[in-house]
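A.B. asks: Need coordinates for the following:
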Amino acid sequence: MQLASGMLLVATPALQDPNFADTVVLLLDVTEEGALGVVLNRPSQILVADVLEPWRDVVAEPEVLFRGGPVGTDGALAVGALRDPGDPPVGWRPVAGLLGMVDLDTPTELVDGTLSAMRVFAGYAGWGAGQLDGEVEEGSWYVVTSEAADAFRDDPSGLWRDVMRRQPGMLAWHVNRPVDPDLN
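C.D. replies: Coordinates of the predicted model:
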């Protein structure tokens, strides 16, 4: 499947990098220069209210920072879903469909009410030119379509399994695949 903004990367059992084991990554930007995304299923224990207090009432449950990836963990970025596609807020950058990025420097009163959900991520996952294509070719990632709700689940712990289960054909079978098939 073609890499594009809004697609999901689902870590395969072959992926050995501990930063990405059992993760689901939402791609936010894919260009010839590289790709950027956030890990959707790694909530932290840090409340958004403790680090970005003005956004406390805008973020979706659970109201914690998510660990978006190993790059730039001292910064944050936000992903939101528009309530009305004809009414994007100030500081909105579309990603795919109703999903987009929210500029956290925007006053919250200009954003509140325009989003059906929002999540804040500390850090991101990034790949240089051709790097992600190589990882997909070597079998480290399944590339699948996303659903808007994937980014905003109340309990993201089962996201990997749920995304895999809804895939067509034999890809769904991988949900039960052992880490090392030779031991099966």
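A.B. asks: tell me the SS of the closest residue to Arg93 other than its chain neighbours?
C.D. replies: Distances taken as CB to CB, 6 or more residues apart in numbering place Met101 nearest to Arg93, at 4.5 Å, with adjacent residues excluded. To be clear about C-beta, it is placed using only N, CA and C from the backbone, and glycine gets the same treatment. Using DSSP: H, G, I helix; E, B strand; the rest coil, the structure places Met101 in strand.
A.B. asks: which residues does Met101 bridge with?
C.D. replies: Val79, Arg93 (DSSP bridges).
A.B. asks: residue nearest the centroid of the chain?
C.D. replies: Centroid-nearest residue in the chain: Leu26, 3.2 Å away (criterion: CA atoms, centre = their mean).
A.B. asks: can you pull the contacts of that one?
C.D. replies: For Leu26, the contact set (CB atoms under 8 Å, 6 or more residues apart in numbering) comprises 6, 8, 37-38, 40, 79, 99, 146, 150-151.
A.B. asks: In strands only, show me those.
C.D. replies: Cross-referencing these against strands under DSSP state E gives 8, 37-38, 79, 99.
A.B. asks: Closest one of those residues to Gly68?
C.D. replies: Of all the ones in strands among the contacts of Leu26, Val38 has the smallest distance to Gly68: 3.8 Å, by CB to CB.
A.B. asks: Specify the beta-bridge partners of the closest one.
C.D. replies: On the basis of DSSP bridges, Val38 is bridged to Leu26.
A.B. asks: Could you name the helices and strands sitting against the worst-scoring helix or strand of the chain on mean pLDDT?
C.D. replies: Across the helices and strands of the chain, mean pLDDT, DSSP states H and E gives its lowest value to helix 159-165, namely a mean of 93. For helix 159-165, the elements it packs on are strand 8-11, strand 24-31, judged by 3 or more CB pairs under 8 Å, 6 or more residues apart in numbering; DSSP states H and E.
A.B. asks: thinking again about what came up before, CSV for the ones in strands among the contacts of Leu26, including pLDDT and distance to Gly123?
C.D. replies: Output for these, formatted as CSV (pLDDT from 0 to 100; distance: CB to CB, whole Å):
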residue, pLDDT, distance to Gly123
Leu8, 98, 18
Gly37, 98, 11
Val38, 98, 8
Val79, 98, 13
Leu99, 97, 19
